[in-house]
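Chemist: Generate coordinates for the sequence data below:
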Amino acid sequence: MRRASRAALVAGAALIAGAAAAQEDGATRYRLVAGDTLAVDYVGADDTIAAPVDMDGDVRLPDVGGVPVAGLTLDEAERRIVAAITEAGLFVDPRASLSVESYAPIVVSGDVGAPGRHEFIPGMTVATALGLSGGAEAGGVGRYEIERARAEAAAGLRAANLEIAAQVVEIARLSAMRDDVGTVTLASDARARIPAPDRVDLRRLLSGADALLGNDRARRAELLDFWEDEIRTIEAQQALFDERILVQRDTAARVADELETARQLQARGLQTAARMSAAEQRDADAQSRVLELESARIAAARAISSAQRERSQFLRSWHDTALSGLNAARVALDAAELQYARYLELQALLSDGGIGALLTSDIVEVRFEIRSSRDGRPAPDAVDADTRVLPGDTLLVDVELATVSGG
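Modeler: Have a look, this model is predicted:
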């Protein structure tokens with residue numbers, strides 16, 4: 001009766017262990033590590049044996065000795081123990097059953113409140129282990145790092161303020177370009193977006209923007225004058241073609257009359273064939289010159305249309321460039337304002353002197369690393385708060401001040 005009860009308990013414990021293992025390692029089955037304790041029950045043993053997996057990965061059984069089980073699943077370890085009992089010649093047909101009596105503890109070290117060994121809990125994640133060890137602490141952030149971060153925050157504020165001013169001036173320049181205004185001016189609402197206008201040389205920024213706008217407008221005026229002159233010249237040529245066409249058409253009409261007279265004379269036998277041929281040639285030449293002049297007039301009209309089209313495309317491109325530049329400058333201004341606010345937050349946190357407050361912000365980076373004897377554990381850059389922790393793992397916690405990027 002006692003044996004049946006013990007077997008039932010062993011079976012129940014094995015089911016619990018199997019369920020916990022499935023939670024810990026996903027689709028793969030749990031594999032034993034040093035520090036786990038097994039409940040071993042086999043024929044010939046009076047009671048269930050609590051057998052810890054030692055540092056060599058072995059469990060030691062009476063009259064059997066050490067049996068290597070580290071890295072094996074429970075089923076694999078059970079078969080190995082049966083083989084060891086058989087090899088020892090203790091029983092002809094030995095039977096054994098195993099369960100995990102307790103899992104190997106985890107170790108949490110680094111920048112935490114209570115570093116050390118902690119009992120493993122099924123379903124444990126990095127966040128769970130961090131909570132058991134008292135949470136992350138900024139003990140790894142020294143005075144030098146704080147002073148360096150303060151200097152970086154001050155420099156970042158100056159750079160972000162300058163970038164805001166530069167983008168405000170750029171928006172003013174592009175607005176003047178869009179509206180075809182000759183000078184760059186800052187409205188009061190635009191100036192108010194600069195957090196510290198007295199710390200930037202706005203006059204120099206505006207002067208540079210005026211010079212750039214002046215160069216662009218001069219180039220624009222030069223191109224527009226070129227197209228205007230070209231169109232005017234071609235129009236004058238077109239007018240000359242119109243006059244020449246009128247003259248040539250009169251000439252062609254006279255030549256046609258002469259040809260008709262020649263044909264009448266020839267019909268009465270008063271015109272030689274040579275003179276008739278000469279009259280026909282003069283008529284063909286006159287008509288050909290009319291066609292040539294009309295073709296030249298059409299080419300001039302096309303040239304005028306092409307120049308007007310190029311001018312229109314340039315003006316449209318000028319306007320589109322101003323609009324796209326405005327959109328880009330507004331996005332850059334928003335980004336610079338966000339960066340300024342971030343540096344301002346960092347400076348405030350560092351000025352308070354309370355390092356603990358840093359942990360509640362994104363100014364501090366908390367990095368995790370899992371060290372384990374198991375294969376296939378995640379690389380440091382793949383470990384986050386939701387990563388599963390397995391028995392025997394060592395969790396390293398590192399707290400550092402983050403670098404606030406300028407982009």
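
Chemist: Report the helix or strand with the lowest average pLDDT across the chain.
Modeler: When each helix and strand of the chain is scored by mean pLDDT, DSSP states H and E, helix 2-25 comes last, with a mean of 38.

Chemist: tally of neighbours for residue 75?
Modeler: Residues within reach of residue 75, counting by other Cβ atoms under 10 Å, total 12. Using the backbone N, CA and C atoms, a C-beta is placed for each residue, glycine as well.

Chemist: any idea whether it is helix, strand or coil?
Modeler: helix (DSSP: H, G, I helix; E, B strand; the rest coil).

Chemist: what pLDDT does it get?
Modeler: pLDDT for residue 75: 92.

Chemist: How about residue 135?
Modeler: For residue 135, the pLDDT comes out at 78.

Chemist: neighbours of the closest residue in space to it that isn't next to it in sequence, just the number please.
Modeler: Excluding its sequence neighbours, the residue lying closest to residue 135 (Cβ to Cβ, 6 or more residues apart in numbering) is residue 113, at 5.5 Å. As a burial measure, residue 113 scores 14 neighbours (other Cβ under 10 Å).

Chemist: The closest residue to residue 249 other than its chain neighbours: neighbour count?
Modeler: Nearest residue to residue 249 in three dimensions, chain neighbours excluded: residue 290, at 5.8 Å (Cβ to Cβ, 6+ apart). Applying other Cβ under 10 Å, we find 18 residues neighbouring residue 290.

Chemist: Could you do residue 398 as well?
Modeler: 15.

Chemist: In the stretch 301-407 of the chain, where is pLDDT below threshold?
Modeler: 350-364, 401-407 (pLDDT under 70).

Chemist: I'd guess the residue nearest to residue 249 is in a helix, am I close?
Modeler: Yes. According to three-state DSSP, residue 290 belongs to a helix.

Chemist: what ranges do the helices span in the stretch 251-400 of the chain?
Modeler: If DSSP state H, counting those that start in this stretch is used as the criterion, the helices of the stretch 251-400 of the chain fall at 273-352, 355-358.

Chemist: and residue 40, helix, strand or coil?
Modeler: strand.

Chemist: Hmm, it is touching residue 81, no?
Modeler: Yes. With contact defined as Cβ atoms under 8 Å, residue 40 reaches residue 81; the gap is 6.7 Å.

Chemist: Helices of the stretch 1-150 of the chain, start to end?
Modeler: With helices called from DSSP H, counting those that start in this stretch, the stretch 1-150 of the chain shows them at 2-25, 74-88, 126-132, 143-179.

Chemist: The host helix or strand of residue 204 versus helix 273-352: what angle between them?
Modeler: Here residue 204, judged by DSSP states H and E, is contained in helix 202-267. Counting by axes from the mean of the first three to the mean of the last three Cα atoms, to 10 degrees, helix 202-267 lies at 170 degrees to helix 273-352.

Chemist: can you tell me how far the residue lying closest to residue 194 once chain neighbours are set aside sits from residue 319?
Modeler: In this structure, residue 194 finds its nearest non-sequential neighbour in residue 165, 4.8 Å apart by Cβ to Cβ, 6+ apart. Plainly put, residue 165 is 26 Å away from residue 319 if you go by Cβ to Cβ, to the nearest Å.
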